[in-house]
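1. Model the following, please.
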Amino acid sequence: MYEVLLVDDEALVRDAISTNMKWGELGYHLAGTCKNGKEAMEFLDGSPVDLVITDICMPFVDGLSLSRHIYENHAETKVILLSGYNEFEYAKTAVKYQVMEYVLKPVTVAELNEILLRVKETLCEERRKKDSLKKLVLAYQKNLPILRTRYLNQLVQGIHKGQSEIMIHNKLKELNIDVTGQVFIIANLVVENTEEFLKLTPEATKELPAFIIFNILEEIACQDADTLVFQDINNATAILLCGLSEAELLSKVNTMYESCRHIVLENFKLGVTLGIGNVVNRLTKVHKSYETALAALEYRFLYGSGRALYIKDFEEMDLVKNMDIGDLVKKLTLAVKLDSEEEITKALTDIAARLRRLVLSPGRIYICVQNIIVALHNLLDNLNLAEDGFPEKQNELLKVLYQKKTLEEVEELLREYCLYIGKILSEHRDSFCKKQAIIAKDYIEEHYGNTELTLQTMCSDLAISMSYFSTIFKRYTGETFIEALTKKRMQISMELLSNTTFKVYEIAEKVGFADPHYFAITFKKFTGMTPKEYAKKKGPAHA
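-> Residues are numbered from 1 along each chain as shown. Model (predicted):
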């Protein structure tokens, strides 16, 4: 039912319309009648209606003034004007105040019925739209947390970086978010030690630990309007803080982290690691803070989890560009050859310490570790000790490697692998003589470039007799010392001729030949080609 107010200064007209119209059948209810516009205004201010049927000419306040009052104060109320005058100005004013119908008196019941039905169609349509809008508003409010999370994720992903600061603030206000400050920062928390938690809580889903962190931080931050907590696209908890200074934000986020860490450890036996990004001065730049927060989290690989990692601490380090650890890898391979657990552990500790000083990303560390694994495999391959199925074992090792979360875990994995390789080598080494031969091979590897290297100088350095050494070296390697030294020098020479632009006399000097002519003779005897012929064939740089 739609409520109707009838306004006319003639009592007979009011009575006639009131009694003759079948309001209920038409879908209306006559809420009241008034004898002038002033009474009608007072009625409407106390009891709004859907439709006002009013005469134009009335004392105190006429119908047009009443229409204006309704237009200005009761915009949803419809108006039907009844007039005994077919005046254009009246009609023009009625249009101005959005009067729905302008009806000339006298009007019959049938005519008024038809008009009321038309008005009802409009009222029904508007009510449907209003109801639909109300449902949309309720749905919007219900989904507001999801919409907020979606927009904040878009913000930290840089999707809105091209928009103005005002546009972003306005959008945040639409989502009931009001952040004000001179600086902003993003911090990211990731949950650790979830395996044990999920094992003890079989009914829990794998997403539950991350949600626990989010829920706790949301409760911690709920009283602070300048702190927003949401889950990012990786299911980690992100914190957006704003304030007046970098020191204020760092203090606040570290306090939040310590509170959260204590709660989750005590109640759920979970760990959390915090990555703190760089401070930025605009919301359009928070994606840069988010990117650096994720970058900070990568350093947990080097320094371990369960701590706060501020990207600025690492950016300000004196980063070493040279990531060569070849000298330490040589020490490690020698320790493996000797099957010395003590030396293997020490070499790996030194390698890990070097990698930490270099402050390398996990990706670059994986490359270094892969090179170590290849070097270890070559120990077996060079001695023809690689068993069937060994490549598969190596591939499995690499899979396990990529699952490790810290350098400490990788170090332990490598230690086990080195001991495994060392055991294989040890099983194929039946005497001290073989160890001496291995040391001699390493000595050649290190000193082949020394022009004064001879069997005598090497045996003197290794404190072993020349005749005894010659016997065991030949028996173990299948070649004499001179053959092994020459082979090594020729291999290096071929590499240098193939890949560098060094002159022949320079290469001769690098591989331990004082006389370039003698080097050329030895090279041709070894390869069947002179150094220049070899360079022309194998090395484009010498062509």
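2. Tell me where the chain has strands.
-> 2-7, 28-34, 51-55, 78-83, 101-104, 183-192, 227-231, 237-243, 271-276, 308-310 (DSSP state E).
3. Which among the ones you listed is found nearest to Ser65?
-> With C-beta to C-beta as the criterion, Ser65 lies closest to strand 51-55 of those, at 10.1 Å. C-beta coordinates here come from the backbone N, C-alpha and C atoms, glycine included.
4. Let me know the average pLDDT across the closest one.
-> Average pLDDT, strand 51-55: 92.
5. Could you name the helices and strands sitting against the helix ranked longest in the chain?
-> Ranked by residue count and defined by DSSP state H, the top helix of the chain is helix 109-142. Contacts defined by 3 or more C-beta pairs under 8 Å, 6 or more residues apart in numbering; DSSP states H and E place helix 109-142 against helix 23-26, strand 51-55, strand 78-83, strand 101-104.
6. out of the ones you listed, nearest to Arg475?
-> Each of the helices and strands packed on helix 109-142 was scored for nearness to Arg475 using C-beta to C-beta, and the closest is strand 78-83 (113.3 Å).
7. Could you report the neighbour count for Ile166?
-> 8 (other C-beta atoms under 10 Å).
8. next one: Pro202
-> Around Pro202 there are 6 residues (other C-beta under 10 Å).
9. got a pLDDT number for it?
-> 81.
10. what comes up buried for the longest helix of the chain?
-> By neighbour count with 16 or more other C-beta atoms under 10 Å, helix 109-142 contains the buried residues 112, 115-116, 119-120, 123.
11. quick revisit: ok, and which of the helices and strands packed on helix 109-142 has the densest surroundings?
-> Highest mean neighbour count among the helices and strands packed on helix 109-142 (mean count of other C-beta atoms under 10 Å): strand 51-55, with a mean of 26.
12. Just want the angle from that strand to strand 28-34.
-> Per axes from the mean of the first three to the mean of the last three C-alpha atoms, to 10 degrees, the angle that strand 51-55 makes with strand 28-34 is 40 degrees.
13. As CSV, the strands of the chain with distance to Asp62 would be great.
-> Converted to CSV, these look like this (distance: least, C-beta to C-beta, whole Å):
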stretch, distance to Asp62
strand 2-7, 10
strand 28-34, 13
strand 51-55, 8
strand 78-83, 10
strand 101-104, 14
strand 183-192, 60
strand 227-231, 56
strand 237-243, 57
strand 271-276, 71
strand 308-310, 75
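14. ok, of those strands, where does mean pLDDT dip lowest?
-> strand 101-104 (a mean of 84).
15. That strand - which strands sit beside it in the sheet, and in what orientation?
-> Strand 101-104 pairs in its sheet with strand 78-83 (parallel), by DSSP bridges.
16. Not counting its own residues, what contacts the partner strand?
-> Residues from elsewhere that reach strand 78-83 (C-beta atoms under 8 Å, 6 or more residues apart in numbering): 8, 50-57, 63-64, 66-67, 70, 90, 94, 97-105, 107, 115, 119, 122-123.
17. same question, stretch 150-161
-> Stretch 150-161 has contacts (C-beta under 8 Å, 6+ apart) with 167-168, 171-172, 175, 186, 228, 230, 232-233, 238, 240, 283-290.
18. Rounded mean pLDDT for it, please.
-> For stretch 150-161, the mean per-residue pLDDT is 91.
19. Now it: buried residues?
-> 151-153, 155-156, 160.
20. Send me that stretch as CSV with only the CA atoms.
-> Only the C-alpha atoms of stretch 150-161 are listed here, as CSV (Å, rounded to 0.1, in the frame of the first residue of the first chain):
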residue,chain,number,x,y,z
ARG,A,150,41.5,-6.8,-3.1
TYR,A,151,42.2,-3.0,-3.4
LEU,A,152,45.1,-3.1,-0.9
ASN,A,153,46.6,-6.0,-2.9
GLN,A,154,46.2,-4.0,-6.1
LEU,A,155,47.9,-1.1,-4.4
VAL,A,156,50.9,-3.0,-3.3
GLN,A,157,51.1,-4.8,-6.7
GLY,A,158,51.5,-1.3,-8.3
ILE,A,159,48.3,-1.5,-10.3
HIS,A,160,47.3,2.0,-9.2
LYS,A,161,50.7,3.6,-9.3
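21. and His262, how many neighbours?
-> If we define neighbours as other C-beta under 10 Å, then His262 has 10 of them.
22. any idea how far it lies from Thr227?
-> Look at His262 and Thr227: by C-beta to C-beta, to the nearest Å, they are 18 Å apart.
23. Count the neighbours of the spatially closest residue to Asp350 that is not a sequence neighbour for me.
-> Spatial nearest neighbour of Asp350, excluding adjacent residues (C-beta to C-beta, 6 or more residues apart in numbering): Leu328 at 5.3 Å. Using other C-beta under 10 Å, Leu328 is surrounded by 20 other residues.
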